[in-house]
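[1] Return atomic coordinates for the entry below.
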Amino acid sequence: MHLSLYYSPCPNDTFIFHALAAGLVQVPGMQFYITLADVERLNQAAAAHEPDLCKVSVAAAAALLDEYRILRAGGALGRGVGPVLVCGGGLRLEELDGKPVAIPGKRTTAALIFGLLCRERGIAPIVTEMVYDEVMPAVVSGRCAAGVVIHEGRFTFAERGLALLADLGAWWEQERGLPIPLGCIVMRRSLGLEAAREANQGIRDSLLYARLHPEASAQYIRSHAQELDEGVIARHIATFVTDASLDLGLEGEAASLALLAEARRVAGEEALPVEVFLGAAPS
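    Now for the predicted structure:
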């Protein structure tokens with residue numbers, strides 16, 4: 001079975017998937033064709049039903065559930081790992097009303113949470129979509145009053161002279177009492193449950209291999225990373241690759257369902273399908 005697998009060039013994804021992409025871990029009967037792309041491009045590709053398996057924003061997954069199911073492995077979920085809203089300094093959140101704010105794509109989890117916070121505060125900024133690594137430069141240049149920052153930008157915005165305006169992930173966690181679900185792996189439902197289980201196990205095995213042999217993926221990770229500083233790369237992986245990347249678990253399911261429901265509500269869509277995830281959380 002030949003399957004297309006899309007994920008991002010960010011260190012957490014290249015760390016997780018390297019062994020699978022390099023053939024160091026194999027799934028019997030499956031051969032993967034890899035495509036790397038920015039998170040919003042991945043969301044768009046899945047919306048167009050291009051890949052068989054794809055890393056997507058959890059917010060974007062809400063619109064994909066008729067065609068795809070969410071696998072249990074390979075995602076990004078945790079506490080203290082969410083997107084942040086940054087500015088040049090001296091601004092209050094309420095002052096963003098009517099001002100341009102950069103977001104890393106309208107389908108991203110970051111954009112959804114920013115929108116929820118804005119609705120709660122009764123403000124309506126002018127959102128400007130761009131590739132995630134263009135967000136901070138847009139704020140630094142003054143093109144945008146603020147920007148929603150994801151990935152390694154969480155660790156590096158202060159080096160650009162930017163200030164934290166709001167920790168969007170912390171806001172979600174405080175509001176919900178749940179970790180923030182950022183990204184997940186989706187797989188075509190038409191491929192069947194058995195194939196989904198095998199692919200899910202392959203992703204788990206790839207991550208376990210990476211943890212046992214971190215040197216094997218080091219060059220692959222560096223070759224795709226936007227930020228080449230070794231310390232930032234290591235921190236990125238430590239932050240976004242957690243035990244929930246091996247399996248969502250019950251808390252991960254609850255967090256994902258809460259965010260999926262918000263995304264469906266905002267879009268004016270019907271309730272979630274009964275079967276969202278692959279299988280049940282292990283006991």
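
[2] the bottom helix or strand of the protein by mean pLDDT?
    helix 153-156 (a mean of 85; mean pLDDT, DSSP states H and E).

[3] For that one, name the packing helices and strands.
    strand 84-87, helix 135-140, helix 230-240 (3 or more CB pairs under 8 Å, 6 or more residues apart in numbering; DSSP states H and E). Every residue, glycine included, has its C-beta placed from N, CA and C.

[4] how does it look with 10 Å?
    Using 3 or more CB pairs under 10 Å, 6 or more residues apart in numbering; DSSP states H and E, the elements in contact with helix 153-156 are strand 84-87, helix 135-140, strand 146-149, helix 230-240.

[5] could you pull out the helices for this structure?
    11-21, 39-47, 58-61, 109-121, 135-140, 153-156, 168-176, 193-212, 214-224, 230-240, 249-266 (DSSP state H).

[6] so can I have CSV of those showing distance to Gly279?
    Shown next, in CSV, are these (distance: least, CB to CB, whole Å):
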stretch, distance to Gly279
helix 11-21, 19
helix 39-47, 21
helix 58-61, 17
helix 109-121, 23
helix 135-140, 36
helix 153-156, 31
helix 168-176, 24
helix 193-212, 7
helix 214-224, 27
helix 230-240, 23
helix 249-266, 11
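
[7] which of those helices is buried the deepest?
    Across the helices of the chain, averaging neighbours per residue (mean count of other CB atoms under 10 Å) puts helix 58-61 on top, at a mean of 28.

[8] CA atoms of that helix as CSV?
    The C-alpha trace of helix 58-61 is given here as CSV (Å, rounded to 0.1, in the frame of the first residue of the first chain):
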residue,chain,number,x,y,z
VAL,A,58,-6.7,20.4,15.7
ALA,A,59,-8.9,23.3,14.8
ALA,A,60,-8.6,22.4,11.1
ALA,A,61,-9.4,18.8,11.9
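
[9] Contact partners for the closest residue to Tyr209 other than its chain neighbours?
    Counting by CB to CB, 6 or more residues apart in numbering, Tyr209 lies nearest to Ala19, which is 4.0 Å off, once chain neighbours are set aside. Going by CB atoms under 10 Å, 6 or more residues apart in numbering, Ala19 touches 25-26, 202-203, 205-210, 212-213, 216-217, 220.

[10] Same question for His18.
    24-25, 206-207, 209-210, 213-214, 216-221, 224.

[11] looking at the helices of the chain, which is closest to Leu278?
    helix 193-212 (5.1 Å; CB to CB).

[12] and that closest one with helix 214-224, angle?
    100 degrees (axes from the mean of the first three to the mean of the last three CA atoms, to 10 degrees).

[13] Name the residue closest to the centre of this protein, please.
    For the chain, the residue nearest the mean C-alpha position is Gly183 (3.0 Å; CA atoms, centre = their mean).

[14] That one and Glu40 touch, don't they?
    No - between Gly183 and Glu40 there is no contact under CB atoms under 10 Å: 11.7 Å.

[15] Give me the common contacts of those two.
    Ser8, Val56, Ser57, Ala60, Thr108.

[16] The fourth one: what's it in contact with?
    The contact partners of Ala60, taken as CB under 10 Å, 6+ apart, are 39-40, 42-44, 46-47, 54, 105-109, 111-112, 183-184, 186, 263.

[17] How about residues contacting stretch 113-125?
    Against stretch 113-125 from outside (CB under 10 Å, 6+ apart): 59, 82-83, 85, 93-104, 106, 108, 127, 144-148, 166, 168-169, 171-172, 175, 180, 182, 259, 262-263, 265-266.

[18] quick one: the nearest residue to Val140 once chain neighbours are set aside from Pro11, how far?
    Leaving aside its sequence neighbours, Val140 sits nearest to Arg160 (CB to CB, 6+ apart; 5.5 Å). Remark: distance between Arg160 and Pro11 (CB to CB, to the nearest Å) = 19 Å.

[19] The lengthiest strand in the chain pairs with which strands, parallel or anti?
    Taking DSSP state E as the criterion, the chain has its longest strand at strand 180-188. Taking DSSP bridges as the criterion, strand 180-188 sits next to strand 53-57 (antiparallel), strand 68-70 (antiparallel), strand 76-78 (antiparallel) in its sheet.
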